[in-house]
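[1] Let me see the structure of the following:
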Amino acid sequence: MPTREHRSRLRAASIVLIATLAISAIGVALVASIEPSRWRAIEHAAERSGWLRGVPQAGDTNESAEIEQRARAAFDRLAYPANRIPPDWQGQARAYVRRNVRDGVDFNPLAGNPSGTRPPNTTSWSPLGPAPIDNNAASDGYKYGLVTGRINALAVDPTDSTVAYAGATAGGLWKTTSCCTAGTTWVPLWEDKDFVTQAVGAIAIDPNNPAVLYVGTGDFDAGDQFSAGIMKSSDGGTTWTQLGADVFTPFASGTPNQPDQNVGALAIDPRNSNTVLVGTRFGFYISYNAGASWARYNVHGHSSESQQVSSIVLDASTNPTTAYVAIGYPYASRAFGDIGGGNGVYKASLPASGAPSFTLLNSGWPAGTGSGSSNSVGRIRLATSAQNPQIIYAQVGDYLQFNALGTWVSTNGGTSWAQLAGSADAAYTDCDGISTSEGQDWYDLFIGVDPSDDKTLYIGRTSLYKLVVNAGYTSVTSLTNLANVYSQSCAGYGSLHPDQHSVAMIASNKFVVGNDGGIYLANGQAGGFTAMQKGLDISQFYAGQLGADFATSTTQFAFGGMQDNGSASWDAANSSLQWQARGNGGDGFFAAFDPLSSTKTQGNWYTEYTYGSLSCSTTGAQGLFNDCVGGWYSPFGFRIDRSDWSTPFVLDQLHCTNINCRNIVLGTYRMWASGTGGTTRAGWAAVSPDLTKGNLQNDNANNTIIDVRLAPASPTSAVVGTDDGNVQWSSNLFSGANCTQAAAGTAAFSCTPNGAASWVNLTGGNAVLPNRAIQGVGFDPSNSQVVYAAVGGFNANTPGTPGHLFQASCSAGCTSPADWAWVNKTGNLPDVPADSVIANPNNRKQVFVGTHFGFYYTNDIDAAPVVWQRYQNSLPNTVIKYLVIDRGASTLAAFTYGRSVYTIKLPGPGGFGLVPNAPGGLSASAVSGSQIHLSWADNATDETNFQIERCSGANCTNFALVATVGVNTTGYNDTGLTISTSYSYRVRATNAAGGSDYTNTASATTLAQQQRDLFVPVAINSLP
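    Modelled structure (predicted):
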C-alpha cells in the first residue's frame, strides 16, 4: 500500500526545524550527553518519518483509515443511493450480453513476448504492459526492483513444486510450470474466459488429486473487488466451472446484510475430497459434494455479522478430520467488530454432513475472549506443523491499532494456548532496533511454518520476519526483519516489496511470498528474495495518458498511476519495452505529461498520490518530482478541500502553444485550474464553487468530483462528474484574448484561470439522468455543448431512471439547466457500472465506453435506440477504469484495474470487426441407426459458414468439429454413426472476425437397429 509522501521533503524539513528548536531550548549539554549510537537511531527515525507516506507510526492508523475509506468509496459508487448491490449483477450482466450484445472477434491471446508489450493494431487490443515495472528507475522514494500488482493467494502443487498458481487482486489466476527462479514465467488461466470477476482471494489444491483446484473469488484483504463464487477446475486450470454463484455474492440470500462475501480461506479435507470448507468476510461454509451445493454454518453464537473467517487449517491425522477456524474481524471502529469477544480460534470434528459442532479454544488467550465482552483480538492467521499437526500457531493482530498482538502456540491440538514471550508488537524492529509499528495487520498478514522445522516461522506483515521458537515452545529466541522494507540502510532493503499477503511453503528455507508488488522466492535469509514477476501484467491502473501520434511516432511515451506501485512510464525507445517507475512511489492515480515537449529529460510530468497530492517534474520523466499542489492543500501539507482518493486532474493536450501544453485542471469538491503548467502553488486558482450535492457521508473523501474532461472543441470548456450524482459544465473555465480555438497551436496562445467562471448544474431538474455516481464524463469532439455521462451503480437503485450512458446538449443559451436536454443513450448496454466514456475525434458518432464488465462501442450515437457492440479481442474481461485517446487521434488506450494497459488503433466508420450473431434453437433427431438430423435458426446476415461440433454422450463436453457448412444453412445430416449411441451437438456461425457464441446443446440417440437412412431435405449447401 502507500509507501511515500510526495511532500516528504517539506515534512522532513519541518521535523528538522522542530528538532533544531528543541535542541536550542534544551541546551548543548544535553546534546553532548546523547551517545552516537542513539543519535543514529534518532536520525533514522526522523528520516523514516519524513520518507514514509501514510505508513502508520507508533499506533498511527491513518493509512488503515485511508484504505478502509477507499473500499467504502468503491462500495458507495456501486450502491448509492439505495446502499444495495444486486446479488448476482455480474452473472446477470454476462447472460444479458450473450443475448443482446454483438461481440467482436473471439479472444485471441497474443503469445511470444514475455515483456507483455506490443504496438497497437487495428483488429485486436495490444497489451502495453507493464509486465513487470522497473521500480528502481524512480527518481525518488523507495525502490524494490521488478514489481507488478498485488497477489492475494498462492498455491504450489504438492506433488510437483515446479507447478504453482497465483491469484491477483483483479487480474485473475496465473500458473507457472517453471517455479521457482528469476526466470519463472507466469501465464494467465482466465484471460480468455468470460468470467464475471478476475479477483482471487484464495486457492486450494486437492491433496488427493492436484489437477483439481478450487479458487475463491473476491478481494478479501482490501474489499475493493467483489466475489462471484468459487471457480473449480478438474484439469489443472484448463476448463472451469462456477460454483456457489448464488451464495458467495454481495447481499446473497441468507447471508448478513453486508456488501461483500469475498472469499479469503479455502480448505479441502484430505480424508474426503468432496468436503470443501470456505471462509468469507461474513461467514463459514461447507460443501459435502465437491462444490455442487453449499451451506452456511455459524461458528459462534454472537452476531452473524462478526463472523469473518480469516483462516482455516485442517488436521487429517485425526479421524474424522479436525478443522480449526479463526474468526478474526479486524476493526474496532465498526459497531459489530468482535461482538462478545467472538474473535478467536474454534475447533470442530468434520461430520459427514450438516453443521460441525465448534468449540472456542480460549485457554491461554486474552481475557474476554468468548466471554461476552470485547477484547483486543483482531485478525488471526493460522498454520500447523508438518511434522506434528497438533502444534498450531496463530498470528494475531489487535483491532485497535492493527499492530501485532502476538504469536500464540498450542502443542496439544488447541486444548491450551500460550503467547510466545517476545512476540508482541514491540519486538518487531528494523536493523537499528527502531520499532516498525506497522499498523496494517488487518490488511497484510500471514504466518508460515518451515516444513522441516516447526520452530522456524515466517510472519508476513508490511515487512517479512523470521521468528525462531525455543525448544519448549514458550518464547521467541530471535525475531529478524528479513526485508526491512522501509529502512534503506538495513540489509535486505529493496529486495522485497512491502505488504505481504500470502505464502506457500515448499521445503526447508524455500517458500514463495505474494505481496503488493508481486511474487518472490524466499530462502529464509535477510535479503534472500528473488523476484518472479515475468509475464505478470496485473497492475491496477486508475488513469493515464498517451503521447502524441502514438501509433505512428517513433518517439513515444505512455504514463499512468497504479494502486500500490506509484506511477510509471512506457518509452518506445527502451529496448526492453519495460515500464519504469517515476516520481515518489506509493499509490499512483491520475498522471499526465506534456505531449509536445516531454522526454525522459525535459518537459513537465505530473504524478499524484492520494487525495490530490500532486507532484511534478519540470525536467522530464527521470527528473525529481516536487510538490506542486495548489490551494486545496495548506503550505504545511495539510489537506483543506474534500477530495477523492483518486483525485482527477487532466492536462489539456489539444490547446497548447506551438511548443508546450500549459492548461491543467484538478477537481476536489470544486475546480482548480492553471494556465502556466501548474508547477507552482501560485499558478493555481479556484475556478468554481462547491459542485457536489453534498448528500453522502461527509468524511472529507465523499461528495467530491471523480472525473473531469476538457472540451476538444474549446479551450475554455470543461465538464465534471461527482460521486453524488452531479454533472456540471462550464464554458469559461479559462479566459484571455488569446485563449481561443484559433490561437491554439501558436506562440500567442495563453489562458488565465477564471475565478469568476460560471457553472451550469446539468443535473438540476432533469428527469432522465439517474441519481447515481457519475463515474466518467466526456465531450462531443466537435461541439463543446454536447457532453456525455457514464453512470455507475445499478438500475435497481434508481428504477425510475435506469441507464448507464447519457448525452446532454443545448442549442441556445446554455446558462441554466432548463437550456439542456438529457437523452438516455444506454441502448443495449448491460446493467453494469460504466466507468469511462470518450468519443472518437475522427468520427463524432463513434463513442467508446469502459465498464466493470468490458469494453463497448457504437458506430452511431445518434441512432434511436443506440446499438452497442462489445469488443474484447485480446482484452481480458476486467474493469476498464479509464479510456483515453492520444493527441494525434490515432490510438485508444484502456487503463484497466487489474490487467494493466491495452491499446488499439482507432477504427474507421464501420468500427471493429464483429462476429456473426449466434444461431439458435438447435434440435437433434435420430433418423436411423447411423444418422442424426440437426436443424437450427440462422440469426445472422454476415456469416461465412457454420461449424458443427459433436461429442459422444448426453452430457459430454469434449466437443470436436465434424463439419463446416455454408451461408444461410439451417440444417445438417450427420451420418456414419453407431447404432444405439447418444450424441450431443452444438453449432456456431463464423466469419473473418471469428466465431459466434454456440447454440444450445442438443442430444439424440441413434436407433437400436440399423435402418436404411432416410432422406431428410436440407439446404443443398448443408450436405456433408
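
[2] just for the stretch 201-350 of the chain, where's the confidence low?
    Residue ranges of the stretch 201-350 of the chain with pLDDT under 70: 253-259, 303-305, 332-339.

[3] the strands in it, which residues?
    Using DSSP state E, counting those that start in this stretch, the strands of the stretch 201-350 of the chain run over residues 213-217, 230-233, 241-243, 263-268, 276-280, 283-287, 295-297, 309-315, 322-327, 344-349.

[4] all strands of the stretch 551-700 of the chain, in order?
    Along the stretch 551-700 of the chain, the stretches classed as strands by DSSP E, counting those that start in this stretch are 557-562, 566-571, 579-582, 592-593, 605-609, 613-617, 626-627, 649-651, 664-667, 671-674, 685-686.

[5] can the strands of the stretch 201-350 of the chain go into CSV with extra columns for mean neighbour count?
    Bear in mind the C-beta positions are built from the backbone N, C-alpha and C, glycine included. Below are those laid out as CSV (neighbours: other CB atoms under 10 Å):
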stretch, mean neighbour count
strand 213-217, 28
strand 230-233, 23
strand 241-243, 17
strand 263-268, 25
strand 276-280, 27
strand 283-287, 23
strand 295-297, 17
strand 309-315, 23
strand 322-327, 25
strand 344-349, 22
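
[6] would a markdown table of those with distance to Asp103 be doable?
    Formatted as a markdown table, these follow (distance: least, CB to CB, whole Å):
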| stretch | distance to Asp103 |
| --- | --- |
| strand 213-217 | 23 |
| strand 230-233 | 22 |
| strand 241-243 | 20 |
| strand 263-268 | 29 |
| strand 276-280 | 32 |
| strand 283-287 | 33 |
| strand 295-297 | 36 |
| strand 309-315 | 38 |
| strand 322-327 | 43 |
| strand 344-349 | 47 |
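
[7] looking at the ones you listed, which is closest to Ser435?
    When those are compared for distance to Ser435 using CB to CB, the nearest one is strand 309-315, at 24.4 Å.

[8] Identify all contacting residues around the closest one.
    By CB atoms under 8 Å, 6 or more residues apart in numbering, the residues outside strand 309-315 that reach it are 264-267, 269-270, 277-280, 283-284, 299, 321-328, 330, 350, 379-384, 389-390, 392, 413.

[9] give the contact list for the residue nearest to the spatial centre of the chain.
    Geometric centre of the chain, nearest residue: Ala170, 3.6 Å, by CA atoms, centre = their mean. By CB under 8 Å, 6+ apart, the contact set of Ala170 is Gly149, Gln198, Ala199, Asp219, Gln225, Ile538, Gln540, Thr878, Val879, Tyr897, Gly898, Arg899.

[10] So it versus Ala155, what's the distance?
    The gap separating Ala170 from Ala155 is 19 Å, by CB to CB, to the nearest Å.

[11] Could you do Gln545 as well?
    From Gln545 to Ala155 the distance is 37 Å (CB to CB).

[12] Neighbour count: these two, which is higher?
    Taking neighbours as other CB atoms under 10 Å, Gln545 and Ala155 compare with Gln545 leading, 28 against 24.

[13] Pretty sure Asn732 sits in a helix.
    No: counting by DSSP: H, G, I helix; E, B strand; the rest coil, Asn732 is located in no helix; its state is coil.

[14] wait, what's in contact with it?
    Contacts of Asn732 by CB under 8 Å, 6+ apart are Thr716, Asn754, Ala757, Ser758.

[15] With distance to Thr975 and secondary structure added, can I get the contacts of Ala170 in TSV?
    TSV is the format used below for those (distance: CB to CB, whole Å; DSSP: H, G, I helix; E, B strand; the rest coil):
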residue	distance to Thr975	secondary structure
Gly149	53	coil
Gln198	44	coil
Ala199	48	coil
Asp219	53	coil
Gln225	50	coil
Ile538	49	coil
Gln540	54	strand
Thr878	45	coil
Val879	48	coil
Tyr897	51	strand
Gly898	48	coil
Arg899	46	coil
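
[16] average pLDDT across stretch 628-638?
    For stretch 628-638, mean pLDDT rounds to 95.

[17] May I have it as CSV, with CA atoms only?
    Extracted C-alpha coordinates of stretch 628-638, given in CSV (Å, rounded to 0.1, in the frame of the first residue of the first chain):
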residue,chain,number,x,y,z
CYS,A,628,3.1,21.2,-6.9
VAL,A,629,-0.2,21.3,-5.1
GLY,A,630,-2.4,24.4,-5.1
GLY,A,631,-4.7,25.8,-2.5
TRP,A,632,-6.5,22.6,-1.9
TYR,A,633,-3.6,21.9,0.5
SER,A,634,-2.1,24.2,3.0
PRO,A,635,1.5,25.4,2.7
PHE,A,636,2.3,22.9,5.5
GLY,A,637,0.9,19.9,3.6
PHE,A,638,-2.5,19.6,5.3
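
[18] ok, and what's touching it?
    7, 10-11, 14, 606, 612-616, 627, 639-641, 643, 666, 668, 672, 674, 678-681, 683-686.

[19] Name the SS class of Arg70, please.
    helix.

[20] Now do the same contact list for it.
    Per CB under 8 Å, 6+ apart, neighbours of Arg70: Ala222, Asp224, Trp645.

[21] repeat for Arg670
    Shown in contact with Arg670 (CB under 8 Å, 6+ apart): Asp641, Ala686, Val687, Ser688, Pro689, Asp690, Leu691, Ile705.

[22] who wins for most neighbours among these?
    Ile705 leads these on contacts (other CB under 10 Å) with 31 neighbours.

[23] Would you agree that one is in contact with Ser646?
    No: assessed by CB atoms under 8 Å, Ile705 is found out of contact with Ser646, at 10.8 Å.

[24] Mind listing the shared neighbours of these two?
    Common neighbours of Ile705 and Ser646 (CB under 8 Å, 6+ apart) do not exist.

[25] circling back: of the contacts of Arg70, which is the nearest to Val987?
    Closest to Val987, out of all of the contacts of Arg70 and judged by CB to CB, is Asp224, at 40.7 Å.

[26] Just the buried positions in stretch 766-777, please.
    For stretch 766-777, burial by neighbour count (16 or more other CB atoms under 10 Å) applies to Asn766, Leu769, Pro770, Asn771, Arg772, Ala773, Ile774, Gln775, Gly776, Val777.

[27] Tabulate those in TSV, adding columns for secondary structure and distance to Tyr399.
    Output for those, formatted as TSV (DSSP: H, G, I helix; E, B strand; the rest coil; distance: CB to CB, whole Å):
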residue	secondary structure	distance to Tyr399
Asn766	coil	45
Leu769	coil	41
Pro770	coil	38
Asn771	coil	36
Arg772	coil	33
Ala773	coil	30
Ile774	strand	36
Gln775	strand	33
Gly776	strand	37
Val777	strand	40
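
[28] what would those look like in JSON lines with pLDDT?
    Below are these laid out as JSON lines (pLDDT from 0 to 100):
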{"residue": "Asn766", "pLDDT": "92"}
{"residue": "Leu769", "pLDDT": "98"}
{"residue": "Pro770", "pLDDT": "98"}
{"residue": "Asn771", "pLDDT": "97"}
{"residue": "Arg772", "pLDDT": "97"}
{"residue": "Ala773", "pLDDT": "97"}
{"residue": "Ile774", "pLDDT": "98"}
{"residue": "Gln775", "pLDDT": "98"}
{"residue": "Gly776", "pLDDT": "99"}
{"residue": "Val777", "pLDDT": "99"}
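
[29] So which of those residues is the closest to Pro498?
    Among the buried residues of stretch 766-777, and counting by CB to CB, the member closest to Pro498 is Gln775, at 29.5 Å.

[30] What's the local residue count around Gly745?
    Using other CB under 10 Å, Gly745 has 14 neighbouring residues.

[31] Now that it has come up, it's in contact with Cys661, right?
    No: applying CB under 8 Å, one finds Gly745 not in contact with Cys661, separated by 10.6 Å.

[32] For Thr964, give its distance to Asp516.
    Look at Thr964 and Asp516: by CB to CB, they are 49 Å apart.

[33] Kindly report the same for Ala348.
    34 Å.
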